[in-house]
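Q: Quick one, fold the following:
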Amino acid sequence: MLMLKGLVRSLFQIGLFAAVLPLPPLWLSAFGAVVGLTGYGVMATAVWQNPYAAPIVGDQTDRDQVVIDSGLYGRIRHPLYLGYILFLTGLGLWLGSVVSVLVMPVIVAPIVARTLIEEKTLRENLPGYAEYMTRVPNRLVPLTW
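A: Down below sits the predicted model:
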């Protein structure tokens, strides 16, 4: 097993797999850098604007949680997740990995599921969230969904 791992690592290092999926052109890599850095900026801004952003969906009434509906949260309901998707997509392109972009649906599916679970929890536990959902109709993608 160790020998197989070493062989695969060597093949990647000498670039034998590059013929299967060539590196993207430089302009696409530069575009990926812009998208990735934009995504990082969106994530940082979302966390800065929402002090209740947490890795676990749950009731934060002990922290006097309120609906944040200004800034990025006035445009879409989950800007942190949008930033994360942009960051990962851009990072893959920036680093020359077309495969990373091809597998993005596998990454996005759990994010969409979490978004739906989070919205159900917030609608049930956070006063004003149902009204916020009508004022800001888009979850992740402005003017779309």
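Q: I'd like to know how far L93 sits from I111.
A: Per Cβ to Cβ, to the nearest Å, L93 is found 19 Å from I111. C-beta coordinates here come from the backbone N, C-alpha and C atoms, glycine included.
Q: Which one of those two is surrounded by more residues?
A: Shown here are L93 and I111; by other Cβ atoms under 10 Å, L93 has more neighbours (22 against 16).
Q: any idea which element the residue lying closest to the more buried one once chain neighbours are set aside lies in?
A: Nearest non-adjacent residue to L93, counting by Cβ to Cβ, 6 or more residues apart in numbering: G32, 2.5 Å away. Here G32, judged by DSSP states H and E, is contained in helix 26-49.
Q: Okay, helices next: where are they in this protein?
A: For the chain, helices defined by DSSP state H occupy the ranges 2-14, 26-49, 79-94, 98-102, 104-125, 129-135.
Q: Buried residues of the helix holding G32, list them for me.
A: Buried residues in helix 26-49, counted by 16 or more other Cβ atoms under 10 Å: 29, 32, 35-36, 39-40, 42-43, 45-46, 49.
Q: what comes into contact with it?
A: 23-24, 53, 68, 70-73, 79-80, 82-96 (Cβ atoms under 8 Å, 6 or more residues apart in numbering).
Q: These, buried ones only, as a ChimeraX selection?
A: The ChimeraX selection below is limited to those of those classed as buried (16+ other Cβ under 10 Å):
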select :24,68,72,73,79,80,82,83,84,85,86,87,88,89,90,91,92,93,94,96
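Q: Give me the distance between T144 and V106.
A: Going from T144 to V106 by Cβ to Cβ gives 21 Å.
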